[in-house]
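In: quick check, what structure comes out for this input:
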Amino acid sequence: MLNFSDIFVTIAAESWSEVVVFYRGLFGCDPVVYSSERYAEFRVQGVKLGIFKPSAHHRAEFQKPAGALGLCLEVENLEEAIATIKQLGGAVQGEITQASHGRECYAYDPARNRLILHQAWADKA
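Out: This is a model prediction of the structure:
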């Protein structure tokens with residue numbers, strides 16, 4: 001077994017400042033760890049999100065389009081979340097889809113990292 005102390009998500013971004021501003025607006029808080037033009041770390045709802053600028057030696061490694069990994073954000077109001085993403089400089093792809101577990105759509109931050117915006121169905125008790 002691997003011995004580790006924490007697990008968190010990281011995003012590589014050449015346009016580091018733009019991406020940090022995007023997540024600052026999306027989460028409504030400042031990073032708890034911040035190293036100018038290099039690294040910012042947000043802690044929201046028990047999740048750590050680190051945003052870093054890749055070193056020159058590793059840049060090519062992080063210039064691929066979004067793959068299978070996506071940051072899923074559970075939202076209360078999908079339409080408001082879409083409007084916020086657009087207002088902050090992100091992009092929304094396609095239309096809202098209906099799934100067995102709720103409604104969702106794909107969005108992207110300014111560095112083209114995939115966000116899955118998901119709104120669960122209201123309980124039908």
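In: quick one, helices of the protein?
Out: 16-27, 78-87 (DSSP state H).
In: reformat those as a markdown table; add mean neighbour count, distance to residue 116 and mean pLDDT.
Out: Heads up, the C-betas are built off the backbone N, CA and C, glycines and all. Listed next are the helices of the chain as a markdown table, based on neighbours: other Cβ atoms under 10 Å; distance: least, Cβ to Cβ, whole Å; pLDDT from 0 to 100:
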| stretch | mean neighbour count | distance to residue 116 | mean pLDDT |
| --- | --- | --- | --- |
| helix 16-27 | 18 | 14 | 96 |
| helix 78-87 | 15 | 11 | 95 |
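In: distance to residue 110 added to these, as CSV?
Out: As requested, the helices of the chain are arranged in CSV below (distance: least, Cβ to Cβ, whole Å):
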stretch, distance to residue 110
helix 16-27, 5
helix 78-87, 10
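In: to residue 36, which of the ones you listed lies closest?
Out: For the helices of the chain, the distance to residue 36 is smallest for helix 16-27, at 9.1 Å, taking Cβ to Cβ.
In: that closest one packs against which elements?
Out: Taking 3 or more Cβ pairs under 8 Å, 6 or more residues apart in numbering; DSSP states H and E as contact, the helices and strands that helix 16-27 lies on are strand 39-44, strand 47-52, helix 78-87.
In: with distance to residue 120 as extra columns, can I get those in CSV?
Out: Converted to CSV, these look like this (distance: least, Cβ to Cβ, whole Å):
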stretch, distance to residue 120
strand 39-44, 18
strand 47-52, 18
helix 78-87, 10
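In: how about those, which one is nearest residue 5?
Out: Using Cβ to Cβ as the measure, strand 47-52 is the one of the helices and strands packed on helix 16-27 that comes nearest residue 5, at 11.6 Å.
In: could you list the paired strands of that closest one along with their orientation?
Out: Each strand paired with strand 47-52, and its direction, by DSSP bridges: strand 9-12 (parallel), strand 39-44 (antiparallel).
In: weakest of the ones you listed in terms of mean pLDDT?
Out: Within the strands paired with strand 47-52, the least confident segment by mean pLDDT turns out to be strand 9-12, at a mean of 90.
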